[in-house]
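[1] dropping the sequence and predicted coords here.
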Amino acid sequence: MMGILVFDFGGSAVKYGYWNGQALEDTSQFPTPKTWEEMKAHLKRVFQTFVKQKAIEGVAISAPGVVNQEKQLIEGISAIPYIHGFNIFHELEELFHLPVTIENDANCAGMAEYYEGAAKEYQHVAFVVLGTGVGGAIFTQGQLNKGAHLYGGEFGLMFLEGNQTFSKLGTAVQMAWRYCDRLGVSRTTYSGKEVFERAEQGDELAKEEVDNFYNYLTKGLFSIQFSIDPEVIVIGGGISAKAGLLTEINQRMKQLTTDLELNDFDPKILLCDYRNDANLIGAAANFTAQREGLVQ
């Protein structure tokens with residue numbers, strides 16, 4: 001049976017594996033190389049190892065940046081500067097001698113949930129990925145909606161308070177940084193997980209910042225719900241593993257809708273099914289969807 005070799009380009013590591021049509025196999029990773037030539041050499045080595053053992057019909061890649069399918073290049077900026085601004089599709093097809101698809105990493109994570117995971121029963125979906133900042137993807141009637149300038153789903157750019165964006169306010173990483181700043185210590189002193197733990201132990205400052213985090217996150221999700229009106233919002237990223245996350249969000253969401261007399265429905269928020277593997281699975285889903293003409 002034919003499968004897809006999948007890669008996820010990250011700022012610190014490149015993950016990879018084999019999608020057999022139903023599941024990921026043989027996943028591993030290597031440190032992100034410093035140059036494009038080194039990257040290609042690593043990719044080729046991984047490919048040569050896999051092709052000896054498995055039938056590969058194509059290569060699917062999840063990458064940072066704004067992936068312009070029409071121009072066959074990656075625009076914008078990212079933590080891997082050397083992948084931008086040239087026909088990367090052509091170079092990789094020459095490298096592998098196979099079809100290659102590339103899609104933005106947040107779009108890939110969203111596609112994993114849309115085609116294979118938490119949102120597969122729905123047609124209108126907003127996927128929100130929470131990391132250091134906020135990214136995401138929008139699906140409308142079964143189609144990934146990238147927008148007129150390929151910025152569809154860049155929810156992190158929404159302003160939530162004054163000149164502060166969703167990315168600057170609504171993540172656990174930013175919560176931890178605010179907590180450290182208020183204590184006057186290095187931002188590496190406490191992680192988001194540790195701030196949650198200190199709040200549960202009664203630390204008043206931590207409790208305040210945790211409450212701020214939930215309020216900011218809920219305001220961002222509220223704005224998404226009532227601007228694009230999805231059936232469901234799916235939350236991805238490490239925070240999706242936090243116990244009690246949905247309870248906290250739903251309580252605050254209900255307060256917002258009640259205050260504004262928005263009583264027609266309650267926003268439906270789900271947690272992602274895939275975490276660490278979402279980008280790889282989504283890259284495979286994108287490859288299949290492109291071959292079937294479901295995305296462009």
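    Cool, got the structure. Worth saying up front: this structure is predicted, and the values here are computed from it rather than measured.
[2] which helix or strand contains the closest residue to Thr188 other than its chain neighbours?
    Nearest non-adjacent residue to Thr188, counting by C-beta to C-beta, 6 or more residues apart in numbering: Cys180, 7.8 Å away. From N, CA and C alone the C-beta is placed, and that goes for glycine too. Applying DSSP states H and E as the criterion places Cys180 in helix 172-183.
[3] about what we covered before: contacts only, for the residue nearest to Thr188.
    Cys180 makes contact with Ser186, Arg187, Thr188, Thr189, Tyr190, according to C-beta atoms under 8 Å, 6 or more residues apart in numbering.
[4] Ala241 too?
    Residues in contact with Ala241, defined by C-beta under 8 Å, 6+ apart, are Arg275.
[5] next, it: phi, psi?
    Main-chain torsions, Ala241, degrees, to the nearest 10: phi -90, psi 0.
[6] now do it against Val59, distance only.
    According to C-beta to C-beta, to the nearest Å, Ala241 and Val59 sit 30 Å apart.
[7] got it, and Val234?
    In this view, Val234 and Val59 are 27 Å apart by C-beta to C-beta.
[8] residue ranges for the strands of the stretch 101-250 of the chain, please.
    Taking DSSP state E, counting those that start in this stretch to define them, one finds strands in the stretch 101-250 of the chain at 125-130, 134-140, 143-144, 159-161, 164-165, 232-236.
[9] for those, give me a markdown table that also has mean neighbour count, distance to Glu116 and mean pLDDT.
    Formatted as a markdown table, the strands of the stretch 101-250 of the chain follow (neighbours: other C-beta atoms under 10 Å; distance: least, C-beta to C-beta, whole Å; pLDDT from 0 to 100):
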| stretch | mean neighbour count | distance to Glu116 | mean pLDDT |
| --- | --- | --- | --- |
| strand 125-130 | 28 | 13 | 94 |
| strand 134-140 | 24 | 13 | 92 |
| strand 143-144 | 20 | 14 | 88 |
| strand 159-161 | 14 | 31 | 95 |
| strand 164-165 | 16 | 30 | 96 |
| strand 232-236 | 25 | 12 | 96 |
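[10] got a markdown table for those strands, with distance to Met253 too?
    Listed next are the strands of the stretch 101-250 of the chain as a markdown table, based on distance: least, C-beta to C-beta, whole Å:
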| stretch | distance to Met253 |
| --- | --- |
| strand 125-130 | 13 |
| strand 134-140 | 17 |
| strand 143-144 | 25 |
| strand 159-161 | 15 |
| strand 164-165 | 20 |
| strand 232-236 | 10 |
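[11] show me where this protein dips below the pLDDT cut-off.
    For the chain, the stretches with pLDDT under 70 are 293-296.
[12] quick one: residues contacting the most centrally placed residue in it.
    For the chain, the residue sitting closest to the mean C-alpha position, by C-alpha atoms, centre = their mean, is Ala106 at 3.2 Å. When contacts are counted by C-beta under 8 Å, 6+ apart, Ala106 touches Phe127, Val129, Gly135, Gly136, Ala137, Gly153.
[13] quick check: it vs Ala112, distance?
    With C-beta to C-beta as the criterion, Ala106 and Ala112 are 11 Å apart.
[14] ditto for Thr247
    For Thr247, the distance to Ala112 equals 25 Å [C-beta to C-beta].
[15] now Ile269
    18 Å.
[16] which of the two has more residues huddled nearby?
    Set Ile269 next to Ala112 and count neighbours by other C-beta atoms under 10 Å: Ala112 wins out with 31 against 19.
[17] that one contacts Ala278, doesn't it?
    Yes - here Ala112 reaches Ala278: they are 4.5 Å apart, a contact under C-beta atoms under 8 Å.
[18] report the set of residues contacting both of those two.
    Contact criterion C-beta under 8 Å, 6+ apart; residues bridging Ala112 and Ala278 by contacting each: Cys272.
[19] rebuild the contacts of Cys180 as TSV, extending it with neighbour count and distance to Ile102.
    Below are the contacts of Cys180 laid out as TSV (neighbours: other C-beta atoms under 10 Å; distance: C-beta to C-beta, whole Å):
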residue	neighbour count	distance to Ile102
Ser186	9	37
Arg187	13	33
Thr188	9	33
Thr189	13	38
Tyr190	19	36
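[20] what's the closest of these to Ala118?
    Closest approach between the contacts of Cys180 and Ala118, by C-beta to C-beta: Tyr190, at 30.0 Å.
[21] which residues touch the closest one?
    Contacts for Tyr190 were tallied using C-beta under 8 Å, 6+ apart; they are Ala176, Tyr179, Cys180, Arg198.
[22] how about Phe196?
    By C-beta under 8 Å, 6+ apart, the contact set of Phe196 is Ala172, Ala206, Val210, Lys242.
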